[in-house]
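Enquirer: structure of the sequence below:
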Amino acid sequence: LGLSDAVSGGTLQSLVEVLADEDARAAGDPAALVPDARAARRVRRRSPLALRPRVVHGRVLGPVVPAAFIDPPVLHRTAALLAAERGVPHSPAALAEGVDMGAAGRPGGALSLLAAAASSGLQAGVLALTRLPGPARRRLAAALGRRLPGSGSGPRGDVLEGWTWSVRAEALTRSGARGTALLEGTGHPGYLATARMVAEVGLLLARTAEDPPRTGHLTPALAVGLDGLPELAHAGLVLRA
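Expert: Got it, this is the predicted structure:
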């Protein structure tokens, strides 16, 4: 597979836009979308961005792709808004996402660690660029925008099919209680599956437009809620808890 079969030009150009933005430094802030300043400070202390490779349960975990800084602000905003809605103190979770790169102890484990380290270094380098002075960032973004594939280019149709993937979530409370959930999907996770999810969520929101359960600057989880999970089965998703 080539680069265009893994990451679309639109994704790359979106990263270029982040680099050129006045608030580019917020890209590495897990609390960038948490509205309360004190709650945001707690998130930063409790749940810093997970970029380093690590081994968990014998598996090598690398940073989430295409960018580990996309999910955490959304997840922490969801938790903060839920706490405010319920009138309880916001106690941020220690979030540690990762992509399974393979078994650590088997032949090839060293290659898995090397791949995870390469992904970590690349993403750390991208975040370092967001710390450059504004004029330098904008010049660099303009140069990258001209050289990288443009929006509209992406994986070929035959590459989008034939994928199976899963996302496993494990939660541990301070009392020692554990919870797990497994989301399974089909189709290219970055493009075909995402496009199907966007379509189903759009249809769901249209049906609830006259009497929405929540309004405001919501995250997808809060806008859809658990009642929307059956709808996502049409997008090829199955949630097992």
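
Enquirer: give me the phi and psi angles of the spatially most central residue of the chain.
Expert: Residue closest to the average C-alpha location in the chain (Cα atoms, centre = their mean): Asp71, at 3.2 Å. When quoted as degrees, to the nearest 10, the phi and psi of Asp71 stand at phi -70, psi -50.

Enquirer: tell me the contacts of it?
Expert: Residues in contact with Asp71, defined by Cβ atoms under 8 Å, 6 or more residues apart in numbering, are Val64, Glu97. To be clear about C-beta, it is placed using only N, CA and C from the backbone, and glycine gets the same treatment.

Enquirer: separation between it and Val64?
Expert: Between Asp71 and Val64 the distance is 6 Å, computed by Cβ to Cβ, to the nearest Å.

Enquirer: mutual contacts of the two, please.
Expert: Contacts common to Asp71 and Val64, judged by Cβ under 8 Å, 6+ apart, are Glu97.

Enquirer: which sections of this structure are below the confidence cut-off?
Expert: 1-5 (pLDDT under 70).

Enquirer: all the strands of it, residue numbers only.
Expert: 54-56, 59-62, 99-103, 164-172, 178-186, 238-240 (DSSP state E).

Enquirer: list the buried residues for the longest helix anywhere in the chain?
Expert: Assignment by DSSP state H gives helix 109-129 as the longest helix of the chain. Neighbour counts over helix 109-129 (16 or more other Cβ atoms under 10 Å) mark Gly109, Ser112, Leu113, Ala115, Ala116, Ala117, Ser119, Ser120, Gln123, Val126, Leu127, Leu129 as buried.

Enquirer: hey, what's the closest residue in space to the third one that isn't next to it in sequence bridged with?
Expert: Nearest-residue entry for Leu113: Val60, 5.5 Å, with adjacent residues in sequence omitted and distances by Cβ to Cβ, 6 or more residues apart in numbering. On the basis of DSSP bridges, Val60 is bridged to Val55, Gly102.

Enquirer: can you spell out the domain ranges of this protein, please?
Expert: 1-154, 155-240 (the TED database).

Enquirer: which of those is buried the deepest?
Expert: Ranked by mean neighbour count under mean count of other Cβ atoms under 10 Å, these are led by domain 1-154, which reaches a mean of 16.

Enquirer: what about it, distance to the chain center?
Expert: Distance of domain 1-154 from its chain centroid, counting by Cα atoms, centre = their mean, to the nearest Å, is 7 Å.

Enquirer: what does stretch 165-176 give?
Expert: For stretch 165-176, the distance to the chain centre is 16 Å (Cα atoms, centre = their mean).

Enquirer: what's next to that stretch, contact-wise?
Expert: With Cβ under 8 Å, 6+ apart as the test, stretch 165-176 has contacts from Ala93, Arg178, Gly179, Thr180, Ala181, Leu182, Leu183, Glu184, Gly185, Thr186, Pro189, Ala193.

Enquirer: and for stretch 198-210?
Expert: Outside stretch 198-210, the residues within contact range by Cβ under 8 Å, 6+ apart are Pro212, Pro220, Ala223, Val224, Gly228, Glu231, Leu232, His234, Ala235.

Enquirer: at 10 Å instead, please
Expert: With contacts defined as Cβ atoms under 10 Å, 6 or more residues apart in numbering, stretch 198-210 is touched by 212, 214, 220, 223-225, 227-228, 230-237.
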